[in-house]
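Participant: make a model of this:
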Amino acid sequence: MASRQIQIPLLTWRRLVGDLSARGAGSRETGAFLMGMKDDGDRGVVDYLCYDDLDQRALTHGIVEFHRGGFSKLWDVCKDRGLQVLADVHTHPTRDVRQSFTDKANPMLPVRGHVALILPKYGASSKWSLAPAGIYRFAGGGRWDTFHADAADCPVKLSLW
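Facilitator: Alright, predicted model coming up:
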């Protein structure tokens, strides 16, 4: 995976966080894949795909449980629209954005360099900034690197466009 930062347009971020907050309805975790154009070298997010749009059973137990059929749909959308997965984001119920044991053991894409974000309070406090988010990059072998949104080496940033 490229080392350049993933750029998320602020308007896309606000729409995404609003969607996640609404889908979680203040009572369940939800999430999405952040998508960019494939093979153009750009690391800009152009769209997102919510887990429950790809897998109707993903949110039925209050936590995210994404099933293999959802991945089949994800790869079909990527192929049809010329997209690739740049990162994933999911919500937690409290302010705690540390990865759970399940988060650490089950990356959405177990590929070294994949970026995962966790939003607190079902996303309710994250519309204007990445600062409340937990930001992680999969290092392989069950290991993750942790980043703060303000760090120069943070793998994801909000942009104006």
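
Participant: quick one: buried residues of the strand ranked longest in the chain?
Facilitator: In the chain, with assignment by DSSP state E, the single longest strand is strand 83-91. Of the residues in strand 83-91, 83, 85-91 count as buried by neighbour count, 16 or more other Cβ atoms under 10 Å. In this view, the C-beta of every residue, glycine as well, is placed from N, C-alpha and C.

Participant: residue 62: neighbour count?
Facilitator: 11 (other Cβ atoms under 10 Å).

Participant: try residue 158
Facilitator: Using other Cβ under 10 Å: residue 158 sits among 18 other residues.

Participant: same check on residue 152?
Facilitator: 6.

Participant: repeat that for the one 3 residues further on.
Facilitator: Here the count is done by other Cβ under 10 Å, and residue 155 has 23 residues near it.

Participant: phi, psi of residue 78?
Facilitator: Here is the backbone geometry of residue 78 (degrees, to the nearest 10): phi -60, psi -50.

Participant: go ahead and confirm it touches residue 71.
Facilitator: No. Under the criterion of Cβ atoms under 8 Å, residue 78 makes no contact with residue 71, lying 10.3 Å away.

Participant: circling back: could you redo the buried residues of strand 83-91 as TSV and give each row distance to residue 103 and pLDDT?
Facilitator: Below are these laid out as TSV (distance: Cβ to Cβ, whole Å; pLDDT from 0 to 100):
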residue	distance to residue 103	pLDDT
83	24	95
85	17	96
86	18	96
87	14	97
88	10	96
89	12	97
90	8	95
91	12	94
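
Participant: now distance to residue 13 too, for these, in CSV please.
Facilitator: Formatted as CSV, the buried residues of strand 83-91 follow (distance: Cβ to Cβ, whole Å):
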residue, distance to residue 13
83, 17
85, 17
86, 13
87, 12
88, 14
89, 9
90, 15
91, 14
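
Participant: let me know the closest of the residues you listed to residue 15.
Facilitator: residue 89 (12.5 Å; Cβ to Cβ).

Participant: what's the closest non-adjacent residue to that closest one?
Facilitator: residue 117 (4.2 Å; Cβ to Cβ, 6 or more residues apart in numbering).

Participant: repeat for residue 118
Facilitator: Using Cβ to Cβ, 6+ apart, the closest residue to residue 118 is residue 134 (3.9 Å).

Participant: next: residue 65.
Facilitator: residue 58 is the one closest to residue 65 (Cβ to Cβ, 6+ apart), at 6.1 Å.

Participant: same check, this time on residue 107
Facilitator: That would be residue 138: by Cβ to Cβ, 6+ apart, it lies 4.9 Å from residue 107.
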